[in-house]
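> only geometry, no sequence info:
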Ligand SMILES: Nc1ncnc2c1ncn2[C@@H]1O[C@H](COP(=O)(O)OS(=O)(=O)O)[C@@H](OP(=O)(O)O)[C@H]1O
């Protein structure tokens, strides 16, 4: 981590921090003043998105339902499968709250990042104590991509969307499978809403 001068903010992005058991202790011992920003989306969609990403790297992967269930007949969910485990946000948050107060964490809604990117970026800037520089005028909705894109990224005169690996079509998963997964996550989601004081509306 580079040294941070007065008036600077040092940022680092590592998706696995939030779900790594040792991370809160290590981050805390590095700096207890660290602020944490976590983007969360509906854990069911997240699991399918995760599976889609793995599928592009390993096309011979078993089906989503084969991986998601430990027992297809009883519908017992396999919580050792990382695509499922990562979405149990309440469990991961418990680990962080042992070291950091809730006020040091910001949960950005992955859904709102798509429907209202400027609104979510406003929350991020407020959380970091920054002036609201990124606003509505920096985004436009790209019909082809189906997602918001930047009108004019810094140092470029052309609009820029995220790459092909972001916003890929998901494979069709049987609705029964999704229902079971949704039932599985419901209590964890409710706990997460209580812990964060924010209803993400995933049910
Ligand atoms: N503006 C914009 N453009 C494209 N994609 C967007 C955007 N905002 C949010 N998303 C969603 O981001 C999802 C990919 O992000 P990840 O967190 O999986 O990326 S990373 O691999 O951890 O870097 C990706 O998930 P998938 O749809 O499953 O591909 C998108 O839904």
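Noted; the coordinates are in hand. If you're wondering where the values come from, they're calculated on a predicted model, not measured in any experiment.

> in what helix or strand does the residue nearest to residue 199 when sequence neighbours are not counted lie?
Spatial nearest neighbour of residue 199, excluding adjacent residues (Cβ to Cβ, 6 or more residues apart in numbering): residue 193 at 4.8 Å. Glycine gets a C-beta too; all of them are placed from N, C-alpha and C. Per DSSP states H and E: residue 193 is located in helix 175-196.

> thinking again about what came up before, can you tell me the number of residues neighbouring the residue nearest to residue 199?
Residue 193 has 17 neighbours, counted by other Cβ atoms under 10 Å.

> got it, and residue 64?
Applying other Cβ under 10 Å, we find 25 residues neighbouring residue 64.

> Next to the ligand in this structure, residues from this protein, please.
Residues of the chain lying close to the ligand by Cβ under 6 Å from any ligand atom are 15, 49, 52, 113, 114, 147, 148, 162, 166, 167, 168.

> Mind checking which of the residues you listed are buried?
Among those, those that count as buried by neighbour count (16 or more other Cβ atoms under 10 Å) are 49, 52, 113, 147, 148.

> ok, now which ones touch the residue nearest to residue 88 when sequence neighbours are not counted?
Leaving aside its chain neighbours, residue 88 sits nearest to residue 188 (5.0 Å; criterion: Cβ to Cβ, 6+ apart). Residues near residue 188 by Cβ atoms under 8 Å, 6 or more residues apart in numbering: 43, 87, 88, 89, 90, 91.

> circling back: among the buried ones among the residues of the chain next to the ligand, list the two that are farthest apart in space.
Spanning the widest gap among those are 52 and 148, at 20.1 Å by Cβ to Cβ.

> Okay, and residue 165 sits in which element?
Remark: residue 165 resides in no helix or strand, with elements defined by DSSP H and E.

> wait, what's in contact with it?
Residue 165 is in contact with 53, 56, counting by Cβ under 8 Å, 6+ apart.

> Local confidence estimate at it?
For residue 165, the model assigns a pLDDT of 92.

> And residue 59, by the same measure?
89.

> Now do the same for it: helix, strand or coil?
Following DSSP: H, G, I helix; E, B strand; the rest coil, we place residue 59 in the coil state.

> what's the spacing between it and the ligand?
17 Å (Cβ to the nearest ligand atom, to the nearest Å).

> go on, residue 73?
Using Cβ to the nearest ligand atom, residue 73 is found at 29 Å from the ligand.

> A helix includes that residue, no?
No. Counting by three-state DSSP, residue 73 falls outside a helix, being coil.

> filter the contacts of residue 188 to the buried ones?
So, by 16+ other Cβ under 10 Å, the buried ones in the contacts of residue 188 are 43, 87, 88, 89, 90.

> unless I'm mixing things up, the second one is touching residue 186, no?
It refers to residue 87. No. With contact defined as Cβ atoms under 8 Å, residue 87 and residue 186 do not form a contacting pair (11.7 Å).

> would you list the residues of the chain next to the ligand in JSON lines and tack on secondary structure?
Output for the residues of the chain next to the ligand, formatted as JSON lines (three-state DSSP):
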{"residue": "15", "secondary structure": "helix"}
{"residue": "49", "secondary structure": "helix"}
{"residue": "52", "secondary structure": "helix"}
{"residue": "113", "secondary structure": "helix"}
{"residue": "114", "secondary structure": "helix"}
{"residue": "147", "secondary structure": "strand"}
{"residue": "148", "secondary structure": "strand"}
{"residue": "162", "secondary structure": "coil"}
{"residue": "166", "secondary structure": "coil"}
{"residue": "167", "secondary structure": "coil"}
{"residue": "168", "secondary structure": "coil"}
